[in-house]
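Novice: sharing a model prediction with you, sequence too.
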Amino acid sequence: MAAQLSNADLAELLARKAETSSGILVRAFRRAARSAFLWPELAPDLVAADRPLTELHGVGPFIAKQIQAWIEKPPREEMKPPAIRRDFLTRADARVLLAAKPEWSKRLRGDLQMHTHWSDGSATIRDMAEAAKERGYQYIGITDHSKGLKIAGGIDEKALAQQGREIAAVNRLNPGSGLTVLRSIEMNLNPRGEGDMDPKSLARLDIVLGAFHSVLRKKEEQTARYLAALRNSDIQILGHPRGRIYNFRIGLKADWPRVFARAAKLDKALEIDSYPDRQDLNLALLKIARKEGVRISLGTDAHHAHQLEFIELGLAAALKARIPADRIVNFMDLATLRSWVQRLRERRR
Ligand SMILES: [Zn+2]
């Protein structure tokens, strides 16, 4: 008997099916492929338990029939995905990895990338805070987009200051809850590593994440832009470093050992953006990151409160890459996190 199909295998089969389909089926199969990364259980386990596959997110009756056929008679084809779909963890796999080492997830103190209705997210700061409290977090960083990213409703210095007042109010509402909402931002960086916000306004934030959102399809190595971003004294964390997106964009290339070595020397962090379509840094790069000893920050890039659950993907990737616990930024308690940011800010003077 052939080995049981994993959700990752099914995602790949669905993505390939999209490529040979036409009309509305292209989108339906593509969407189902992406959804497969979020299924909390293995599809073949549902079939074995006589449960309908339509319980799974993104699976209607038509797609369920196709998946059922694959599960009953696994195709003989090689399942290895092309580079644009490679090295993505499924949530089902992440759960197995994390369940084997429960003390790992227990170290998590917070989430350092999420969006609210201040930019392109759908929830309020308070909604995010409530969801974070339910998860037992000590802190979250609110990282709405900065003004240069117009398409995502990026905010300017004035709005950032207003948001700061709202965050202060949310924190006042919750004394003793154990949760602190941190003022942060996902500052847009141009390919020269420069941000688009007044450094004075950034200095009032608790922590600053910078990220590239443009010229992400260059084929040539982009090492220089990463080194420039790391030198940017306004930021502490570089978000979704490669800029890859599942089945859409492969992301940038760089001399990664050199980039990570420089980040380690400057004591800056690189992120695992745990959004299922991103998973950036990915496992292959995390192994290089471990060798160079760089700090790793975990962010869900959540745009809805329920998406805080994506953190499982980042936690599992870091665990699988054997990143030491003392290199994970979000394993620090709030006071230690603040003093790390403070040290980086003092260094530039
Ligand atoms: Zn981003």
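Specialist: Structure received.

Novice: skipping adjacent residues, who's closest to A289 in space?
Specialist: Excluding the flanking residues, the one nearest A289 by C-beta to C-beta, 6 or more residues apart in numbering is F260, at 5.0 Å. The way it works is simple: take the backbone N, C-alpha and C, and place the C-beta from them, glycine included.

Novice: where does the one you found land on pLDDT?
Specialist: Predicted confidence (pLDDT) for F260: 98.

Novice: same question, R349
Specialist: With respect to pLDDT, R349 scores 55.

Novice: what residues are up against the residue nearest to A289?
Specialist: Neighbouring residues of F260 by C-beta atoms under 8 Å, 6 or more residues apart in numbering: 270, 288-289, 291-292, 294.

Novice: can I get those in JSON lines with secondary structure?
Specialist: What follows is these, written out as JSON lines (DSSP: H, G, I helix; E, B strand; the rest coil):
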{"residue": "L270", "secondary structure": "strand"}
{"residue": "I288", "secondary structure": "helix"}
{"residue": "A289", "secondary structure": "helix"}
{"residue": "K291", "secondary structure": "helix"}
{"residue": "E292", "secondary structure": "helix"}
{"residue": "V294", "secondary structure": "coil"}
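
Novice: ok, which pair from those is furthest apart?
Specialist: Greatest spatial distance among the contacts of F260 (C-beta to C-beta): L270 and K291, at 13.3 Å.

Novice: between those two, point out the one with more neighbours.
Specialist: Set side by side, L270 and K291 show more neighbours around L270, with 28 against 12, by other C-beta atoms under 10 Å.

Novice: contacting residues around the more buried one?
Specialist: Applying C-beta under 8 Å, 6+ apart to L270 gives the contacts 237-238, 241, 260, 263, 281, 289, 294-297.

Novice: try G121
Specialist: G121 touches 114-115, 128, 144, 302-304, counting by C-beta under 8 Å, 6+ apart.

Novice: please redo it, this time with the cut-off set to 7 Å
Specialist: Contacts for G121 (C-beta atoms under 7 Å, 6 or more residues apart in numbering) come out as 114-115, 303.

Novice: mind putting the residues you listed into TSV with neighbour count and secondary structure?
Specialist: Formatted as TSV, the contacts of G121 follow (neighbours: other C-beta atoms under 10 Å; DSSP: H, G, I helix; E, B strand; the rest coil):
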residue	neighbour count	secondary structure
M114	28	strand
H115	24	coil
H303	17	coil
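
Novice: please enumerate the strands of this structure.
Specialist: 110-111, 139-142, 180-183, 186-189, 209-212, 237-238, 269-273, 295-299 (DSSP state E).

Novice: out of those, deepest packed?
Specialist: Comparing the strands of the chain by mean neighbour count (mean count of other C-beta atoms under 10 Å), strand 269-273 ranks first with a mean of 29.

Novice: CA atoms only: put that strand into PDB for me.
Specialist: Output of strand 269-273 as PDB, limited to C-alpha atoms (Å, rounded to 0.1, in the frame of the first residue of the first chain):
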ATOM      1  CA  ALA A 269      16.400  40.200  14.800                       C
ATOM      2  CA  LEU A 270      15.100  38.700  11.600                       C
ATOM      3  CA  GLU A 271      11.500  37.600  11.600                       C
ATOM      4  CA  ILE A 272       9.600  34.400  11.000                       C
ATOM      5  CA  ASP A 273       6.400  35.800   9.500                       C
END
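
Novice: the inter-axis angle of that strand versus strand 295-299?
Specialist: If you take axes from the mean of the first three to the mean of the last three C-alpha atoms, to 10 degrees, strand 269-273 sits at 30 degrees to strand 295-299.

Novice: quick one: pLDDT of S177?
Specialist: 80.

Novice: L14: which of the strands of the chain is closest?
Specialist: strand 269-273 (23.0 Å).

Novice: show me how far the closest one is from its chain's centre.
Specialist: Centroid separation between strand 269-273 and its chain, computed with C-alpha atoms, centre = their mean, to the nearest Å, is 8 Å.

Novice: same question, stretch 185-204
Specialist: Using C-alpha atoms, centre = their mean, the offset of stretch 185-204 from its chain centre is 20 Å.
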